[in-house]
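Visitor: give me a 3D structure for the following:
(2 chains, ligands or ions: 2)
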Amino acid sequence: MDKNYMKLEFLSKSANESFARVVVAAFASQLDPTLEELSDIKTAVSEAVTNAIIHGYEYGEGVIIIEAFIVDNLINITIRDSGKGIKNIEEAMEPFYTSKPDLERSGMGFTVMETFMDSLVVESSEGKGTVVRMTKEIKNLSDEER
Amino acid sequence: MFLEMEELENNLIVKLKGELDHHSSEDIRKKIDAYFSTSSTSNIVMDLNELTFMDSSGVGLIMGRYRSAQEKNGYLIIACDKERIVRILDMSGLLKIIKLYPNLDTAIRNI
Ligand SMILES: Nc1ncnc2c1ncn2[C@@H]1O[C@H](COP(=O)(O)OP(=O)(O)OP(=O)(O)O)[C@@H](O)[C@H]1O
Ligand SMILES: [Mg+2]
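Guide: Residues are numbered from 1 along each chain as shown, chains lettered A, B, ... in the order given. Ligands and ions are numbered 1, 2, ... in the order given. So this is what the prediction gives:
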């Protein structure tokens, strides 16, 4: 069994969104993913990090922690904030639900994460923060299948 | 993120290049709104073919500009044939209300 692990900690600034998704994608690259799989990971990470900044910390200053584990060809990504938390997780995960329609949010973030990753679990407690856990299996396609 | 705007008759052509996320969309939104609010054009044509990344923040940006065009009794159309981006647009229901063409030339011809 081949294992690897990384941890990234950064301030909740929107300028860090691209930095965060590029780091996770670079870590995932050792599994030799297709460009499609890499884009899936980048998009899902971007959604979770953006949520931590906009909703978790509501544009205030806080710390976002990303951890990623690799076990064989599975990548497990955890994105954590210590922000305001989510009162009703089920409602929050519904497509089109947003608590901030005035900020031109579409309520698609969790739906995008669910679609592009193999699994998505959200844990949250009000006033304490939110943890988003996602996994994706990297298929290891042969050159002909790519 | 790179933005190019140009007026063509009654249409504001908006070309986006690079990565459209929450961070870049804030700036892009301000620039489009500043231009469109004082422009005599009433339609917006968004060319997304040179985007290398887009997440749900892009959906919000397009939705908002769709509304600005509506307020001027105009409409917004999209030029894009990038499968990934089209998939996100489709997921978010935008393609039920916004017309999509594969490229800018076809979009302009069909205005
Ligand atoms: N990290 C978080 N902390 C607190 N609330 C959150 C967090 N992530 C999501 N939420 C809540 O869940 C809702 C749904 O999130 P989702 O990402 O699906 O949509 P959105 O962020 O509102 O819109 P979009 O992602 O399309 O821009 C948010 O509106 C917010 O209320
Ligand atoms: Mg979101």
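Visitor: list the buried ones in the longest strand belonging to chain B?
Guide: When chain B is parsed with DSSP state E, its longest strand is strand B:43-54. By 16 or more other Cβ atoms under 10 Å in any protein chain shown, the buried positions in strand B:43-54 come out as B:43-49, B:51, B:53-54. Bear in mind the C-beta positions are built from the backbone N, C-alpha and C, glycine included.
Visitor: which other helices and strands contact it?
Guide: Judged by 3 or more Cβ pairs under 8 Å, 6 or more residues apart in numbering or on different chains; DSSP states H and E, strand B:43-54 is in contact with helix A:35-51, strand B:11-20, helix B:56-71, strand B:76-79, helix B:83-91, helix B:104-109.
Visitor: which residues touch residue A:82?
Guide: Listed by Cβ atoms under 8 Å, 6 or more residues apart in numbering or on different chains, the contact set of residue A:82 reads A:56, A:62-63, A:128-129.
Visitor: redo that, cut-off 10 Å
Guide: A:12, A:52, A:56-57, A:62-65, A:127-130 (Cβ atoms under 10 Å, 6 or more residues apart in numbering or on different chains).
Visitor: what's the closest of the buried residues of strand B:43-54 to residue B:80?
Guide: residue B:48 (3.9 Å; Cβ to Cβ).
Visitor: show me which residues of chain B sit near chain A.
Guide: Contact residues (Cβ under 10 Å from any Cβ of the partner chain) of chain B with chain A: B:1, B:18-19, B:21-26, B:29, B:52-65, B:67, B:83-84, B:87-88, B:91-94.
Visitor: before we move on, back to that, which of the contacts of residue A:82 fall in strands?
Guide: Residues of the contacts of residue A:82 located in strands (DSSP E): A:63-65, A:129-130.
Visitor: return the member of those residues nearest to ligand 1.
Guide: Nearest to ligand 1 among the ones in strands among the contacts of residue A:82 is residue A:130, at 3.8 Å by Cβ to the nearest ligand atom.
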